[in-house]
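J.: Could you look at this predicted model? Sequence included:
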Amino acid sequence: MGETMTFKDKRIILTGAAGGIGEALARQLAAEGARLALADINAEGLGLVAEACRRSGSETIEILTDVTDREQCQALVARAVEAWGGVDILLSNAGVSMRARFDEVTDISFFERLMAINYFGPLYCTYYALPYLKESLGRIVVVTSSAGKLGAPMHTGYAASKHALHGFFDSLRTELAGTGVGITLVAPMYVKTGIRRHRFEADGSHPSVDPYHDSKSKSMTAEQAAGIIIRSARKGKREVNISFELKAGVKLKPFVPGIIDYFVRRKVDPV
Ligand SMILES: NC(=O)c1ccc[n+]([C@@H]2O[C@H](COP(=O)([O-])OP(=O)(O)OC[C@H]3O[C@@H](n4cnc5c(N)ncnc54)[C@H](OP(=O)(O)O)[C@@H]3O)[C@@H](O)[C@H]2O)c1
């Protein structure tokens, strides 16, 4: 895939499409003429985004999907294959976050939910889409996080689920060498989306009001993040760490881990 490669007519499965980065991805890919199978648990948001994509001329279908459910992931892939005979790109974007010190957590069960959505979701979708991606010499694109590269205070379970993605997909990439299937991992840092509204707090509940406050001048918009993700996929990148700070942190951590930890401690809110 080169920089001039276009997503026109590409058959793309996109999870977490009802809002935030997923919605921006859907809109930008639709504008390029991609054929989209949009998935999310939020039926209303999903319908609105799918409608907007169709209005911009894209052949778009929406499939209500909870990515923690193996059968629903299987059905999602089957639906895309039924519509277009195959899959060119699987874009695993759905994810949820948390904010709590580990020693203050009162309901530990939400750690399983984080793993189920952020790790098992992409794993199940990949499992069912892989035979078709091999046929089309396609690409798996996964949205991870800065927390999945450097860790983050208040985000132990989230960071673990995103680290798991890097371990899984780096390993899968070695297995897929020579098959023509590529894997792109993209790690954003601060993006203005609704993710904080749905994050898990210490007792497993979600905040009653959107806790996002625009104090982080370095936050990017969902549209900017989506643009980088699409560009990374187009260029066939292995891994893209969005933001200079993250890039520098990843490069320097093996040499000065204590200093990187110091900076990570000061940046409490990767999502
Ligand atoms: N925003 C950031 O600063 C940031 C930074 C680093 C990485 N990321 C990553 O970027 C990705 C997109 O996040 P975002 O910021 O766009 O969040 P978002 O605005 O909350 O969008 C995530 C979407 O995924 C959906 N979803 C949640 N659980 C699901 C499930 N079980 N099955 C299917 N869909 C599900 C959500 O539905 P509901 O709205 O109904 O929950 C929502 O529509 C995530 O993987 C996130 O970890 C975000």
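T.: Alright, I've got the coordinates.
J.: ok, residues contacting the biggest helix by length in the chain?
T.: The longest helix of the chain (DSSP state H) is helix 156-175. For helix 156-175, the external contacting residues (C-beta atoms under 8 Å, 6 or more residues apart in numbering) are 95-98, 102, 110-111, 114-115, 117-119, 122-123, 126, 140, 142, 144-145, 147-149, 151-152, 183, 185, 187, 200, 238-239, 271. Heads up, the C-betas are built off the backbone N, CA and C, glycines and all.
J.: Which ones among those residues map onto helices?
T.: Those of the contacts of helix 156-175 mapping onto helices are 110, 111, 114, 115, 122, 123, 126, 147, 148, 149, per DSSP H.
J.: Show the pLDDT at the first one.
T.: The reference is to residue 110. Among the per-residue scores, residue 110 shows a pLDDT of 98.
J.: Would you mind naming what in the stretch 101-250 of the chain lies close to the ligand?
T.: For the stretch 101-250 of the chain, the residues in contact with the ligand (C-beta under 6 Å from any ligand atom) are 117, 143, 145, 188, 190, 191, 193, 194, 195, 198.
J.: Tell me which two in those are the farthest apart.
T.: By the measure C-beta to C-beta, 117 and 190 form the most distant pair in these, at 20.2 Å.
J.: how many neighbours does residue 223 have?
T.: The number of residues packed around residue 223, counting by other C-beta atoms under 10 Å, is 15.
J.: buried residues in stretch 196-211?
T.: By neighbour count with 16 or more other C-beta atoms under 10 Å, stretch 196-211 contains the buried residues 196, 198, 199, 200, 201, 202, 204.
J.: no no, stretch 161-179
T.: Across stretch 161-179, burial judged by 16+ other C-beta under 10 Å covers 161, 162, 163, 164, 165, 166, 168, 169, 173, 176.
J.: ok, now stretch 238-246?
T.: Going by 16+ other C-beta under 10 Å, stretch 238-246 has these buried residues: 239, 240, 241, 242, 243, 245, 246.
J.: In TSV, list those along with pLDDT.
T.: Shown next, in TSV, are the buried residues of stretch 238-246 (pLDDT from 0 to 100):
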residue	pLDDT
239	98
240	97
241	96
242	94
243	90
245	91
246	93
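J.: So which of these are in strands?
T.: 239, 240, 241 (DSSP state E).
J.: so which of the buried residues of stretch 161-179 comes closest to the ligand?
T.: Closest approach between the buried residues of stretch 161-179 and the ligand, by C-beta to the nearest ligand atom: residue 162, at 6.8 Å.
J.: Can you tell me the SS state at residue 204?
T.: Following DSSP: H, G, I helix; E, B strand; the rest coil, residue 204 is assigned to coil.
J.: Now do the same contact list for the nearest residue to it once chain neighbours are set aside.
T.: Excluding its sequence neighbours, the residue lying closest to residue 204 (C-beta to C-beta, 6 or more residues apart in numbering) is residue 107, at 3.5 Å. By C-beta under 8 Å, 6+ apart, residue 107 lies in contact with 202, 203, 204.
J.: The last one contacts residue 114, doesn't it?
T.: Spelled out, it's residue 204. No - contact between residue 204 and residue 114 fails when scored by C-beta atoms under 8 Å: they sit 10.6 Å apart.
J.: Buried only: go through the contacts of helix 156-175 for me.
T.: Buried members of these, counted by 16+ other C-beta under 10 Å: 95-98, 110-111, 114-115, 117-119, 122-123, 126, 140, 142, 144-145, 147-149, 151-152, 183, 185, 187, 200, 239, 271.
J.: Show me what counts as buried in the helix or strand where residue 22 lies.
T.: Assigning secondary structure by DSSP states H and E places residue 22 in helix 20-31. By neighbour count on 16+ other C-beta under 10 Å, the buried set for helix 20-31 is 20, 21, 22, 23, 24, 25, 26, 27, 28, 29, 30.
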